[in-house]
Every structure is written in structure tokens, then in C-alpha cells.
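Peer 1: Here is my input; please provide its structure:
(one chain, ligands or ions: 1)
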Amino acid sequence: MIWNKEMECLSREERRALQLYRLRRTLRRVYETIPAYRRRFDEAGVTSDDLHHLEDLQQFPFTSKNDLRDNYPFGLFGSPLKDVVRIHSSSGTTGKPVVVGYTREDVDIWAESVARAIFCSGGGPDDIIQVAYGYGLFTGGLGLHYGGEKVGATVVPISGGNTKRQVMLFEDFGVTILACTPSYALCIAEMMNEMKVDHSKLKLRAAILGAEPWSNSMRNEIEERMGLKAYDIYGLSEIIGPGVGCECECQDGLHICDDHFIPEIVDPDTGEVLPEGEKGELVFTCVTKQAFPTIRFRTHDISRLTSEPCRCGRTTMRMERISGRTDDMLIIRGVNVFPSQIESVLMQIEETEPYYLIVVDKRGTLDELEIRVEVREQIFSDQVRKLEELQRKIRREIESVLGISAVIRLVEPKTIERGIGKATRVVDRRTLENGPETGGKAS
Ligand code: DLL
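Peer 2: Down below sits the predicted model:
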């Protein structure tokens, strides 16, 4: 089922015409109402009159997280505060938080985007959706909440935490869809196991998971442990929150609500727009929002785009699942290492649990990479020789994928901290004196 067939199945020509019309209108509006954008456009010597084709968007300047911080808190708002009905904020890792605003219409656009996502995952009015994303300034909780209500589902606004109660409500309410971060889904799965709750006795059949990077192997793990289908949902506060894109039943890329958010892929180093299909940094432009109409926002998220129509019938642009961030790349002894590469290796190893922490430190002048990973209960109580063998196996696999060696520390099950929101996977001790230690954000 498709929530908004008219918009999600437009022909390529119709879609481009609609995008162009909305884009031109937005560029004119931000120029007239937001001084910071006017200044930037003037500096670049562009106005909305220069936009004849969608591709002309490339002439317009980017917006970065720093621009948002420089204009903290309301400097990039396109509507007076009396028209703003909601504010959200994401804390980030350093400096001032990012603040975003929504008019009543913006909240509707957001609910519409999440409604599409819920339908994408096979959900609808008959579903009971347990929203275990954090409620509050983080966009996850309220984002899924409004989308759930929009499709007429029964929403259970439990928020993150109280994991025992999460499981109890699955049983008592007959919850059919879970919405939370992938790492928290694993944590709930672990609790189900502890409470001896058999997933085949539950009505849970789908999970809408996002807000943090996760791999396909992590998906398999969650699907198996919870007996459901796990769908990837993507979004960011600066654009709207969750619902910018979501997987459909084909699980073959995420459908972008591109009648609202126009995606581009750029070379992270040069900022040049890359041809369709190439991997690079995602950039989004909001073309319908009033209060926070971000233009060419650099997400730092790495993906690629395809406009090939999907088997599900939707014709929107699709993005490949996020494979990392341009700023989460670690440079260890001169070698580029993405945490997702490490996750993929660990998830292939049967004897480990899907909980790990990457610690980078300096030993003398040399960078040291340590990977702490939990080992399954049965294995941990096994002979030392077997553990050593396992350690060697992981070290070999990591070395063959990354091209550098790592210290592997096998730790007991349940010793790596579980979070209820976005997981912290990396501690880079080399940068500790310059700020917080992780890429994790509060949720
Ligand atoms: O995380 C919005 C959200 C809430 C998305 C619930 C999905 C579900 P922020 O806190 O602003 O907003 O963080 C945005 O999180 O730039 C990505 O780096 C990361 N992210 C979000 N969704 C995914 C995903 C919300 N599906 C930042 N896969 C983004 C990988 C994701 N990374």
C-alpha cells in the first residue's frame, strides 16, 4: 500500500517540474525573509531568477552545521516565532546545539513524510506502533508519533528506556510495529531473551529503525532475534527529522520524499555534484517548509542515489543505506578506517554478540586501534585456548579488511554499555583534549 500515490508515483517529468516550481518559490522566499541566506546568495551572485533547470541549484551556496550554529538559535528561521508551533534541537558533539522550528504546516509535512514511511514498512491503521525513540527535543519520538497518528495507527508513546516494560507492552497490547534505534532494538531483543519471551508468540512484525548507522548484518541479527522485518528510516533535524527517506518492502534503498526534500550527492572534498549512482555526501534542500527551509544542507552522510523506479511502484529517488559519515572516518596510522567496516566484520563472526566498542589511542607516537567485542555466553565460559583462537580469527579478518592490525579484546556478555538512543561505538582518545570523546549524540 502506498500512502500518497499521487506524489510517490509521479512520472520523472512531473516530479522534476514540481521540484523546479517549488524550488524557485523557496529560493525566492528565503532570499526575501532570511538575511543570512540573502547575504550568502549575494556573495555568490545568484538569485532565484537564475534557476531555469533543477541543475542550476548547483550554483547556490551550501549550508553547513556551522551556519546553523552561527545563527543560533532562530537566525535561520523563515517564519516569525508567532507562526512557529514547535522547536526541536539536536545536541551534536561540540558547541551550541542545532535548533530547528516548524510551523503548523511544517508539522503536517513531517507527519506526511513519516506516514509514507510507515506505509512503506507495510504499516497502516490496523497497527499498534510502539514508539521507543526518545521524546523531547530529539525528533525521533514525536516524529514517529505524528506519522503514526496520521495513518490512523494506535500509537504507544513509551519513549526510550524501561526495557522490561517495552517487552511487557509487546505482550499485553499486541504491538505490531516497533520504532526505535537499531541498537536499542537489539537491547530490547536481549531483554526478551532474558524474560524468556518467545517472539513467535508476539504480534510484532515490523520495526522502523534509524537515527544511527547500522549494517545489513545488524539488520539480519535484529530480524532473526525479534522475528520481524526491519526497515531503515533516515532523517535529520536540519531537514525535518525522521521520514526524509524510508525503505519499502523491497528493502532496496530508501525512498526519499523528494517532492519535499531534493537530494544531491556531492564530492565531500570539492563540493562538486556527482553523477547519479556515484557515492558521496548527501545534500538536501527543503522546498516546502516554512519555518526552517534549509538550502543545500551538507549532511556529511555518505550514500548514493538512484532514480530507477522501484519494484514497489514508487518512483521517488532512492538513497542507498548510509555507509558512514565523512566525519566519522578515523585515520589510524595513515589508513582511513570507517567504523561500519569494523561492524561488518564483527557481525559475520558467529561467536560474538552484536555489541562492540572501538577505542583509538596513541601509544608513544603510534596510533593504536583496540576493538572490544562481547563474546557469546557459551563461548566465554569455554577453554582459554578457544578464546585465543577466536581472538586470532577476528584479528586476521579485521586486518584483511582494514589493512592494519588491531588489538582485539574479548569481553564478557553484557559488559559494553547499552543505550536507549543512539549508540556510542567509537572513543577516540587522541582527540579527547579537544572536546567530547564520542560521535554519539543524546537522543
Ligand atoms: O536522528 C532523526 C531520526 C530519528 C532519523 C529517528 C531516523 C529515526 P538527528 O539527531 O539530527 O536526527 O541526527 C541525524 O543521524 O545525519 C545521520 O548521520 C544519522 N542517521 C539518521 N538516520 C540514519 C539511518 C535523527 N537510517 C543524523 N542510517 C544523520 C544511518 C542515520 N544514519
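Peer 1: residue ranges for the helices of the stretch 51-200 of the chain, please.
Peer 2: 65-70, 104-120, 139-150, 163-169, 182-194 (DSSP state H, counting those that start in this stretch).
Peer 1: list the helices and strands the third one packs on?
Peer 2: Read that as helix 139-150. strand 84-90, helix 104-120, strand 128-131, strand 154-156, strand 177-180, strand 241-247 (3 or more CB pairs under 8 Å, 6 or more residues apart in numbering; DSSP states H and E). (Glycine included, C-beta is placed from N, CA and C.)
Peer 1: looking only at pLDDT, what's the mean for the third one?
Peer 2: The reference is to strand 128-131. The average pLDDT within strand 128-131 is 98.
Peer 1: likewise the fourth one?
Peer 2: The average pLDDT within strand 154-156 is 98.
Peer 1: Next: the last one.
Peer 2: Along strand 241-247, the predicted local confidence has a mean pLDDT of 98.
Peer 1: what about the helix or strand following it, distance to the chain center?
Peer 2: Using DSSP states H and E, the helix or strand that directly follows strand 241-247 along the chain is strand 254-256. How far strand 254-256 lies from its chain's middle: 12 Å, per CA atoms, centre = their mean, to the nearest Å.
Peer 1: so does strand 254-256 get close to the ligand?
Peer 2: No: counting by CB under 6 Å from any ligand atom, the ligand is not contacted by strand 254-256; separation bottoms out at 7.4 Å.
Peer 1: Once you drop chain neighbours, what's closest to I416?
Peer 2: Closest residue to I416 apart from its sequence neighbours, by CB to CB, 6 or more residues apart in numbering: Y355 at 4.4 Å.
Peer 1: Tell me how many other residues surround that neighbour.
Peer 2: By the measure other CB atoms under 10 Å, the count of residues near Y355 is 23.
Peer 1: before we move on, what about the one 4 residues further on?
Peer 2: Residue crowding around V359 was assessed by other CB under 10 Å; the count is 17.
Peer 1: Bridged to it, which residues?
Peer 2: Assessed by DSSP bridges, V359 has beta-bridge partners E370, V427.
Peer 1: Report the contact partners of it.
Peer 2: 369-372, 426-427, 429 (CB atoms under 8 Å, 6 or more residues apart in numbering).
Peer 1: Mind picking the two most distant members of the residues you listed?
Peer 2: I371 and R429 (14.1 Å; CB to CB).
Peer 1: In terms of neighbours, single out the busier of these two.
Peer 2: Taking neighbours as other CB under 10 Å, I371 and R429 compare with I371 leading, 20 against 13.
Peer 1: you'd agree the more buried one is up against Q341?
Peer 2: No: using CB atoms under 8 Å, I371 is not in contact with Q341; the gap is 11.2 Å.
Peer 1: what separates E374 from V427, distance-wise?
Peer 2: 16 Å (CB to CB, to the nearest Å).
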